[in-house]
Every structure is written in C-alpha cells, then in structure tokens.
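**Student:** heads up, no residue letters with this:
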C-alpha cells in the first residue's frame, strides 16, 4: 500500500543524540531516567515501520525518518500512542486518513498560535498608546501586569495541589489525567507563578497526593494553557518530588 506522508519543508535537526533524548523526554517519548534513545515505530493500517526521530518543526511537530530516508511530520502524542503493543488491535482509520487527521490537528494548532500572536500584538499596541486623562477626579487606571518571564531550564519549585481532573486527548479514546496546582512559585529566582498544571504521571500517583498537599520538585515550566480550564502554565517532567 502506498502511504501519503507529510514531508517537512524545513525543520530543526538534532545536533546529537543528547539533544534528541532531551526533546523526547519533553514529549514523553522517553522516561526521565533514560540515558539513550530507543527504536520507534510508525504503525497504521497493518504496517509497522521502524523510524528514527531526527528533529522537529516546532514544539508540537516531530520529524521522523524511515529506513528508505522518507521523512514525515507527526504529532509527538500520536507517535507515542503508536508505541503501545496493542495499538491497531481495534479498527483504525487508513494510513491516508490518519495523515489527514494529523494535518487537521496541525492546522488547528497553527490557527490557534496565529490568534495568540494577533491578540498579543493588539494588547501591546494598547499599552503603548498614550493614556487620556481620567474624567473622574482622583480615579486611577489599573496597569496591565507584566508578562511572566519563564526560565528555559529546569528549576526548583513548590506548589499546592488544587484539583485532580481529566482533559480530552485528540489521539485517544480515553482522557488524560492531570493535576491542577495553585500557589506555584519558583525558588531561584524567586518568582510567583500562580496556577499551573501537569500530567498525573505514574511518579505522582505513587505519592498518593491529596487536595491541599504541598510539594517541592524540579521541573521545566512552559506557557501552555490547559484545555477547558483557565490555567496558563504547564509543568513538564517534575522530578525529585518531596511532599511537605
């Protein structure tokens, strides 16, 4: 069967295996303790093709390469789902339909990103416009809070568990379990973050956390809103977790 693949026009190639491992950990394709990469497989419509992750287009798009040097853009979560041993045992769409589904997801992501950029541009313009004198005597206009600058590397943080919930997964019939935190703060430099969320991973489940528990840990925090919840930041791969 001839498969239709989405070849990248341009992409960021990994400089070495260490860079590949770090990105795969961020995507959840490798465990936090992994020191080397592993074999990955592209599955669909009865196929099981070995592939290598060679780079990325953006945070939501990985680039894989097959043994025949054919390249393909794929959502990391979709590739992760394909690694399950029971993947494909229930009826699935054809390879062409699977690729079309990925295209739709990528288009939605691009449209969402464009809307965020346009909104941010409008807000910046509003801030730069001179403010007219207030008509009411003694009234003051509330300044917009400065944008939070997030560290690029892992940092030590603490947070309090606010809620356990689930969110839809576009690439699975089941929903993803997540933890919502409040009073999140970064130790160094001392920064108040507020609300954030993370996946309810196996590591977190072992701690048997309850609402109101405070934890300290190391992790990377990024600007990624939780689906259907007003939580603007995500904590990736928390480690060295201690419950206070």
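**Tutor:** Nice, I can see it. Everything numeric here is computed off the predicted structure, so don't read it as measured data.
**Student:** can we go C-alpha only for contacts and neighbour counts from here?
**Tutor:** Noted.
**Student:** and the contacts of stretch 79-88?
**Tutor:** Contacts to stretch 79-88, defined as Cα atoms under 8 Å, 6 or more residues apart in numbering, come from residues 28, 29, 40, 41, 42, 43, 44, 45, 46, 171, 172.
**Student:** mind doing that once more with 6 Å?
**Tutor:** For stretch 79-88, the external contacting residues (Cα atoms under 6 Å, 6 or more residues apart in numbering) are 29, 43.
**Student:** oh, and call the first residue 697 from now on, that's how I've got it
**Tutor:** New numbering, starting at 697: the last item is stretch 775-784.
**Student:** now that stretch: buried residues?
**Tutor:** If you call a residue buried by 16 or more other Cα atoms under 10 Å, then stretch 775-784 has these buried ones: 775, 776, 777, 778, 784.
**Student:** pLDDT value on the third one, please?
**Tutor:** Going back to what we said before, that points to residue 777. With respect to pLDDT, residue 777 scores 92.
**Student:** just to be sure, it is in a helix?
**Tutor:** Yes - under DSSP: H, G, I helix; E, B strand; the rest coil, residue 777 falls within a helix.
**Student:** coming back round to it: tabulate the buried residues of stretch 775-784 (CSV), appending distance to residue 850.
**Tutor:** Formatted as CSV, those follow (distance: Cα to Cα, whole Å):
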residue, distance to residue 850
775, 25
776, 23
777, 26
778, 28
784, 36
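**Student:** between these, which is closest to residue 891?
**Tutor:** residue 776 (27.4 Å; Cα to Cα).
**Student:** gap between the two ends of stretch 898-912?
**Tutor:** 17 Å (Cα to Cα, to the nearest Å).
**Student:** buried ones in that stretch?
**Tutor:** Residues of stretch 898-912 classed as buried by neighbour count (16+ other Cα under 10 Å): 910, 911, 912.
**Student:** likewise for stretch 872-890?
**Tutor:** The neighbour-count check on stretch 872-890 (16+ other Cα under 10 Å) flags 874, 875, 876, 877, 878, 880, 881, 882, 889 as buried.
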